[in-house]
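Asker: Sequence first, then the predicted structure, then my questions.
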Amino acid sequence: MTSPREVRVIGIGTGSPAHVTGQAIAALRECDVFLVADKGEAKDELVAVRRAICEQFLDDRTYRIVTVTDPERGPDAERDKAAYTVGVDAWHAARADRYGEIIESLPAGETVGFLVWGDPAFYDSTIRIVDAVARRLPLRTQVIAGLSAIQVLAAEHGIVLNGIGQPVHITTGRRLLDEWSVDLGTVVVMLDGSLRCRELVEQAPDLTIYWGAYLGLPQQVLRQGRLADVIDEIVAVRAALRQEQGWVMDTYALTPPSPGDA
């Protein structure tokens, strides 16, 4: 019987080598080959950061990096909920096919690593894709937590996300307008390329927004303030950064006024 292939899904934080935990470094050193998604020229920096982390913590003779061309995902913003789900499922399946083919071709006994931006538990597909590969090939997978954009956003702004005894709600830009209520407390929004919070200005102008782009990277940009006062600036800054860099990753939190502020 074939022994399961060892796989490490490693959270590496949001770009800074200082985010890489001791547990993550130990897991990196167990890997012989890292599979890294190639998402095109505009996002070459994301691959470069992963390479830099390996170079910092590993002897270059102990590992290799294999880039895997990422399948086309499609125009998510233009899809309704049903079409979006179908599109993402198809994208995950295509990714699993490509990774599975490569893993199957590797020499026996080699451990495979996936370097996950942030933390694998928050809006990342790697665990699901590895699980899909494991339905075809025998794998033994270990997941290593990393600093998420949520944690880095809060730290960089110097804030506590929850009020005393209050919840924190984490969602996406696609779902924000359907879900938002002041009763949710702080809402952390990820994957929002359209900054849908603009559409809350009339309903809730006094929300405080804490926004950050390229969190953990040298080009990190932060903005905060009353939503109605700063959202136009944030929209303009985000557009300029995307044009300049060719890509942008950002996250924000919306916090309602405390009762004493009303």
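Answerer: On my side now, so go ahead.
Asker: Tell me where the stretch 101-250 of the chain has helices.
Answerer: Secondary structure of the stretch 101-250 of the chain, counting by DSSP state H, counting those that start in this stretch: helices at 126-134, 149-157, 173-179, 227-245.
Asker: Distance to residue 219 added to those helices, as JSON lines?
Answerer: Backbone N, C-alpha and C define where each C-beta goes, glycine included. Formatted as JSON lines, those follow (distance: least, C-beta to C-beta, whole Å):
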{"stretch": "helix 126-134", "distance to residue 219": "25"}
{"stretch": "helix 149-157", "distance to residue 219": "13"}
{"stretch": "helix 173-179", "distance to residue 219": "22"}
{"stretch": "helix 227-245", "distance to residue 219": "7"}
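Asker: could I get those helices as CSV with mean pLDDT?
Answerer: Below are the helices of the stretch 101-250 of the chain laid out as CSV (pLDDT from 0 to 100):
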stretch, mean pLDDT
helix 126-134, 96
helix 149-157, 97
helix 173-179, 95
helix 227-245, 97
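Asker: I'd like the ones you listed as TSV, with distance to residue 71 and mean neighbour count appended.
Answerer: Output for the helices of the stretch 101-250 of the chain, formatted as TSV (distance: least, C-beta to C-beta, whole Å; neighbours: other C-beta atoms under 10 Å):
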stretch	distance to residue 71	mean neighbour count
helix 126-134	11	19
helix 149-157	24	19
helix 173-179	20	14
helix 227-245	22	15
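Asker: Helix, strand, or coil at residue 67?
Answerer: Secondary structure, DSSP: H, G, I helix; E, B strand; the rest coil: residue 67 is strand.
Asker: ok, for it, nearest residue in space, not its chain neighbours?
Answerer: Closest residue to residue 67 apart from its sequence neighbours, by C-beta to C-beta, 6 or more residues apart in numbering: residue 38 at 4.2 Å.
Asker: ok, that neighbour touching residue 69?
Answerer: Yes. Contact status for residue 38 versus residue 69: in contact at 5.1 Å, counting by C-beta atoms under 8 Å.
Asker: Tell me where the model's unsure across this protein.
Answerer: Scanning the chain for pLDDT under 70 picks out the ranges 1, 40-43, 73-82, 259-262.
Asker: Domain map for it?
Answerer: Following automatic domain parsing, the chain resolves into domains at 5-144, 149-261.
Asker: So for residue 38 and residue 69, which sits in the more crowded spot?
Answerer: Shown here are residue 38 and residue 69; by other C-beta atoms under 10 Å, residue 38 has more neighbours (14 against 10).
Asker: For residue 6, see how far away the more buried one is.
Answerer: Residue 38 is 24 Å from residue 6, where distance means C-beta to C-beta, to the nearest Å.
Asker: now do residue 245
Answerer: Relative to residue 6, residue 245 is positioned 36 Å away (C-beta to C-beta).
Asker: Which stretches in the stretch 151-262 of the chain count as strands?
Answerer: Remark: strands assigned in the stretch 151-262 of the chain by DSSP state E, counting those that start in this stretch are 168-172, 186-190, 208-213, 221-226, 250-255.
Asker: which one of those strands is the most hemmed in?
Answerer: Most buried of the strands of the stretch 151-262 of the chain, by mean neighbour count (mean count of other C-beta atoms under 10 Å): strand 250-255, with a mean of 24.
Asker: Which neighbouring elements make contact with it?
Answerer: Contact partners of strand 250-255 among helices and strands, from 3 or more C-beta pairs under 8 Å, 6 or more residues apart in numbering; DSSP states H and E: helix 149-157, strand 186-190, strand 208-213, helix 227-245.
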